[in-house]
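Asks: Fold the following.
(2 chains)
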Amino acid sequence: METEFTPITSLAGGALIGLSAVMLMASHGKIAGISGIVSRILPPAIQKESIPFGIIFILGLLLAVPIWNLFFVEIERQAVSDNYFILGIAGLLVGFGSSYGNGCTSGHGVCGLSRGSTRSIIATVTFMFTGFLTVYILRNTLGL
Amino acid sequence: MKYITLLFSGIIFGIGLVLSGMTNPLKVQNFLDLFGLWDPSLAFVMGGAIFVALPGFWLVQKQKKPFFSKEFDLPKRKDLDFRLIFGAGVFGIGWGIGGLCPGPALTSLTFFDIGIYIPNSGSNSPFFDIDGISILGSFYSQSRDYDEFVKLSVHDTIQFLNIYWKELYNEYLFPSHSLEFSI
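Replies: Residues are numbered from 1 along each chain as shown, chains lettered A, B, ... in the order given. Presented below is the predicted three-dimensional model:
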């Protein structure tokens, strides 16, 4: 099913993400990489000094939707699958991949590219490519 | 002040994700469907973020230190290794299948509408055939009946939780804002 092309809200949302990343860097000197922040508050890569930082930032993420709901109308969300097994596999791949590769869309894709990091450019190109390839195979080869 | 700034950064990040459409898995998957139902919106998300963060980081790093800590905590590695490329590659596969990366996945938790993942029969979801029974499901389950049994039980449980949350959310937490849940 097609989704509506939303250049304005996407650009504005992106700008907020960028603003948050700059705020985090200016205030705490840290990269706004979600997978990194999460992995540092959980075993086995837990870092004691990162725990309060991580928990409060994640609390902010979790408060975003309730706050959004106070002021704005519901946002459109559409499922890609009802298959919990497949969604679980997807979650595992996302979790494993982003922790093994030291970053996800936020850490490599936004912060890394903005810092001009070669590693992040390579990582972003790689996950974009495998993402394109995966969806191509799902929709065209498997015909789902 | 230290922690308030941090909390605000998290909230702004989450609102950015919701506003931009990153918390809509189908929109993400359509962005990755380059030769099909391509929705280029997500390129604008990344564009908007970099447009702000690029000059922002440049300005910030001219400062001696961050406001609330001793030094900038930046990755120093420059080498390319197998882990980076393999990890990013695996992450991309999961992202393509599920349409959610770590940030939006966390942020989506407080939508409390897990039922959105159980569309009605005849849905347009790419994982469905017209009967609403998952095609991929039959790959891992030998017995389709058992599969359906599990699916229905899960569906009923989720539906109960969903109605419960809807009541709590609309009646007690945010009476001014009525949420429509899709079951």
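Asks: so the residue in chain B that chain A sits nearest to is in which element?
Replies: Nearest to chain A, among the residues of chain B, is B:Gly10, at 1.8 Å (C-beta to the nearest C-beta). In this view, the C-beta of every residue, glycine as well, is placed from N, C-alpha and C. Counting by DSSP states H and E, the element that carries B:Gly10 is helix B:2-20.
Asks: and the gap between A:Arg139 and chain B?
Replies: Applying C-beta to the nearest C-beta, to the nearest Å, the value for A:Arg139 to chain B is 6 Å.
Asks: any chance you could read off phi and psi for that residue?
Replies: Dihedral angles phi and psi of A:Arg139 (degrees, to the nearest 10) take the values phi -90, psi -30.
Asks: hang on, the earlier thing: got the buried residues for the helix holding B:Gly10?
Replies: If you call a residue buried by 16 or more other C-beta atoms under 10 Å in any protein chain shown, then helix B:2-20 has these buried ones: B:5-20.
Asks: right, and out of those, which lies closest to A:Ile37?
Replies: Distance from A:Ile37 was checked for each of the buried residues of helix B:2-20 by C-beta to C-beta. The minimum falls on B:Gly10, at 9.3 Å.
Asks: List the contacts of A:Val135.
Replies: With C-beta atoms under 8 Å, 6 or more residues apart in numbering or on different chains as the criterion, the residues that contact A:Val135 are B:29, B:32-34, B:36, B:96.
Asks: that older thread, give me the local confidence score for the residue nearest to the residue of chain B closest to chain A when sequence neighbours are not counted.
Replies: If the residues on either side of it in the chain are set aside, B:Gly10 comes closest to A:Gly60, at 1.8 Å by C-beta to C-beta, 6 or more residues apart in numbering or on different chains. In this model, A:Gly60 is scored at 95, pLDDT.
Asks: pretty sure A:Gly60 is touching B:Leu7, no?
Replies: Yes: A:Gly60 lies in contact with B:Leu7 (C-beta atoms under 8 Å); the separation is 4.7 Å.
Asks: right, and A:Gln78 touches B:Pro25 too?
Replies: Yes: judged on C-beta under 8 Å, A:Gln78 makes contact with B:Pro25 at a distance of 6.8 Å.
Asks: With neighbour numbers in mind, choose between those two.
Replies: For A:Gln78 versus B:Pro25, the count of surrounding residues by other C-beta atoms under 10 Å in any protein chain shown is larger for B:Pro25: 26 against 19.
Asks: tell me the contacts of that one?
Replies: With contacts defined as C-beta under 8 Å, 6+ apart, B:Pro25 is in contact with A:77-80, B:98-100.
Asks: Could you confirm B:Asp73 falls within a helix?
Replies: No: with the criterion set as DSSP: H, G, I helix; E, B strand; the rest coil, the secondary structure at B:Asp73 is coil rather than a helix.
Asks: I'd like to know how far whatever residue of chain A ends up closest to chain B sits from B:Phe13.
Replies: Distances between chain A and chain B by C-beta to the nearest C-beta are smallest at A:Gly60, namely 1.8 Å. Relative to B:Phe13, A:Gly60 is positioned 7 Å away (criterion: C-beta to C-beta, to the nearest Å).
Asks: Contacts for stretch B:48-66, please.
Replies: The list of residues contacting stretch B:48-66 from outside it, by C-beta under 8 Å, 6+ apart, reads A:10-15, A:17-19, A:21-22, A:25-29, A:110-111, A:113-115, B:16, B:20, B:71-72.
Asks: I'd like the average pLDDT over that stretch.
Replies: The average pLDDT within stretch B:48-66 is 93.
Asks: Now do the helices in the chain.
Replies: I went with chain A, as the question did not name one. Ranges of helices in chain A, per DSSP state H, are A:7-28, A:34-39, A:51-71, A:84-100, A:113-115, A:118-136.
Asks: wrong chain, I was asking about chain B
Replies: Assigned helices in chain B, in chain order: B:2-20, B:25-31, B:41-60, B:82-98, B:102-108, B:137-140, B:144-167 (criterion: DSSP H).
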